[in-house]
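Student: okay, here's the prediction I keep looking at, along with the sequence it came from:
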Amino acid sequence: MNSKKKVTLGDVSRRAGVSLSSVSMILNARADVSFARETVQKVRQAAKELGYHAPSRLSKGQLPGRNVVFIVTPNIANAYYSGLVQAIQQAAEEHSYSTLIFTTYREARKEEEVLDMALALGAAGMIFTLTPQSLRKVEKVNGKIPIVVLGDRNSSPKVDTVELDNYSAGVIIGRHMLELGHRHIAFISAMMNAANAIRLRRLQGVKDTYAERPGCSVQVFTRDYTPQEELHSIDLEQRIGYELTLECLKKKSRISGFVAVNDFIAYGVLDAIAAKGFRVPEDYSVCGFNNLSSSRIARVGLTTVEQQTEARGRSAFDILYERICGGSCVGDITRMEYTHRLLERRSTAPARQTLQEKS
């Protein structure tokens, strides 16, 4: 028996020559937006010709998650992740989708629990703000529920992905510090392991750039922490940045600059330098990654790498929405890559003789 193919919003979009999001809002009669009469007529005519029928509202027997998108993130204390989450929520709101936020604190077991919950509730889709550790399960669930991952170009799973090349971000920072004459720097980080590949890639970009210059060096200071530590400490990474910087400053070295793996850790670096009576950038230069909103404050003025957090979060939902509406299938994996740029602020300056060298 021949089964007739279900007509999707994507089919209507192509027939009418109108964007997928506009088609959805028109056919769902969104009261908060308006379109030209011709556009509305074109969309409705295309839907009629194709025999499109909008899904009915939730009724008895249907799973409760059909209009809900799950957002899975390591934590929301770090402004980088909360910024991504809010950008996803903004895009979801525009399409009348609700969101549920789940924090994993980098624990694979919690990722798997959320995946099981999404299946049980029939979630509309899922977005991971960090490449998940349970890749095989994610790829399996993606066959039933659309999933989008915000990850690194080098470690993307077989699902739709919004990517950044964090290696090149490290190269950008490395070149900036070398151009300022910082021949010896410290790299301050936490959780440098396979589950946090983005951080490893940033470090490798910095190290490879410094390796090209004879007589230059990168000292790495890092510390791991447990999921329970992350759960119970809102400022954990800032504190780790502070403590590791104090450890570095105790050593007699020629270091004149610090590169923190993210802006949150960089704030701890800045505090430690000030606590020891040194100045930024007069004595030490400091760089970060992410360009958090607080890094732009004039008294902070952190040199960092802009990584288009809001745009990437919204793009993740847009890709997910197209899958939800049938605009693409599981086999058609989307890879959207964003670029980044250096934002030079007051925390970096040409290298000067460090106090260790003076003594």
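Tutor: Perfect, thanks for sending it.

Student: from H95, how far out is R153?
Tutor: 27 Å (C-beta to C-beta, to the nearest Å). Using the backbone N, CA and C atoms, a C-beta is placed for each residue, glycine as well.

Student: and these two? Which one has more around it.
Tutor: The neighbour count for R153 versus H95, taken as other C-beta atoms under 10 Å, is higher for H95 (21 against 17).

Student: the more buried one contacts L27, doesn't it?
Tutor: No: applying C-beta atoms under 8 Å as the test, H95 and L27 come out as separate, 11.9 Å apart.

Student: confirm that V206 sits in a strand.
Tutor: No: using DSSP: H, G, I helix; E, B strand; the rest coil, the assignment for V206 is helix, not a strand.

Student: OK, contacts around it?
Tutor: The neighbourhood of V206, defined by C-beta atoms under 8 Å, 6 or more residues apart in numbering, consists of 170-171, 173-174, 185, 187, 218, 259.

Student: report the separation between it and S285.
Tutor: Between V206 and S285 the computed distance is 14 Å (C-beta to C-beta).

Student: same check on I333?
Tutor: To S285, I333 is 40 Å away according to C-beta to C-beta.

Student: counting neighbours, go ahead and name the busier of these two.
Tutor: Taking other C-beta under 10 Å, I333 and S285 do not tie; S285 has more neighbours (25 against 14).

Student: distance of T73 from Y80?
Tutor: From T73 to Y80 the distance is 10 Å (C-beta to C-beta).

Student: how's the protein carved up into domains?
Tutor: For the chain, the domain assignment from automatic domain parsing gives the residue ranges 9-50, 68-165+308-340, 166-306+343-358.

Student: okay, now the closest residue to V138 other than its chain neighbours: neighbour count?
Tutor: If the residues on either side of it in the chain are set aside, V138 comes closest to P132, at 5.1 Å by C-beta to C-beta, 6 or more residues apart in numbering. Look at P132: counted by other C-beta under 10 Å, it has 25 neighbours.

Student: touching both of H95 and L27, which residues are there?
Tutor: With C-beta under 8 Å, 6+ apart as the test, H95 and L27 reach no residue in common.

Student: so D11 sits against H53, correct?
Tutor: No: in terms of C-beta under 8 Å, D11 does not count as a neighbour of H53; the distance is 11.9 Å.
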